[in-house]
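A.B. asks: Return a 3D structure for these sequence lines:
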Amino acid sequence: MANRTELLREIKDKIIKANNSPLYGYRTKNKYFPVIGEGSHDAKIMFIGEAPGKNEAETGRPFCGASGRVLDELLQSIGLDRKEVYVTNIVKDRPPDNRDPLPNEIEYYAPFLDRQIEIIKPEVVATLGRFSMGYIMKKFGLEAELKSISQMHGKEFGAKTSYGSVKIIPLYHPAVAVYGTDKEILKKDFAILKKFSKRK
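C.D. replies: Residues are numbered from 1 along each chain as shown. Predicted structure coming up:
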């Protein structure tokens, strides 16, 4: 049976060749890379953002710009190294002008994300921003719990998966700290993850 690394590589290969994707033309015209995901393939905690920005599309790495620096700082605040977690987005290609992902873009790329979750089997899915929160809450049958992210950030929700139980923890996108939201709010939310990061 293929191991996790091989299975994740298959996803990467499919996305690279996905010329029917709604963002494939924009990616190739700008010589961008798709941003598949990065980190431990055995991660207990999986972070899911919305879509790559310009820095990410130019390097193929998720959260490598200003938001990435905030994410790294938040991880350090709970004693976690980025290499210990897995970081990805729902949408794997950059939307034009950093606009919000469109419903058809989320719909196209979501099956790749679903597959990543099945392969990595995280104990915690931490969503970063309202689009990933909305998608993940609906995916795991928690639609009735959905409110605005300002009401849901830092809360824990239990869900069942094909491989067992998982906790869903909606978080603000790290970009909010770049644009003025108090970083201490984000650090307080991240503190909830500490108990999962230390569990053996």
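
A.B. asks: Now do the spatially most central residue of the chain against Asp97, distance only.
C.D. replies: Nearest residue to the geometric centre of the chain (Cα atoms, centre = their mean): Ile48, 1.3 Å. Counting by Cβ to Cβ, to the nearest Å, the separation of Ile48 from Asp97 is 22 Å. Where you see a C-beta, it was placed from the backbone N, CA and C, and this is true even at glycine.

A.B. asks: Would you enumerate the residues in contact with Ser21?
C.D. replies: Ile15, Asp93, Tyr108, Tyr109 (Cβ atoms under 8 Å, 6 or more residues apart in numbering).

A.B. asks: What of Gly65?
C.D. replies: Contacts of Gly65 (Cβ under 8 Å, 6+ apart): Gly53, Lys54, Asn55, Glu56.

A.B. asks: Wait, Ile149 touches Leu128, no?
C.D. replies: No. Taking Cβ atoms under 8 Å as the definition, Ile149 is not a contact partner of Leu128, at 10.1 Å.

A.B. asks: Against which helices or strands is the lengthiest helix in the chain packed?
C.D. replies: Ordering each helix of the chain by length in residues (DSSP state H) puts helix 103-120 first. If you count contacts as 3 or more Cβ pairs under 8 Å, 6 or more residues apart in numbering; DSSP states H and E, helix 103-120 packs onto helix 4-16, strand 45-49, strand 86-89, helix 130-139.

A.B. asks: Next, the angle helix 103-120 makes with the longest one.
C.D. replies: Note on geometry: by axes from the mean of the first three to the mean of the last three Cα atoms, to 10 degrees, helix 4-16 and helix 103-120 are set 160 degrees apart in direction.
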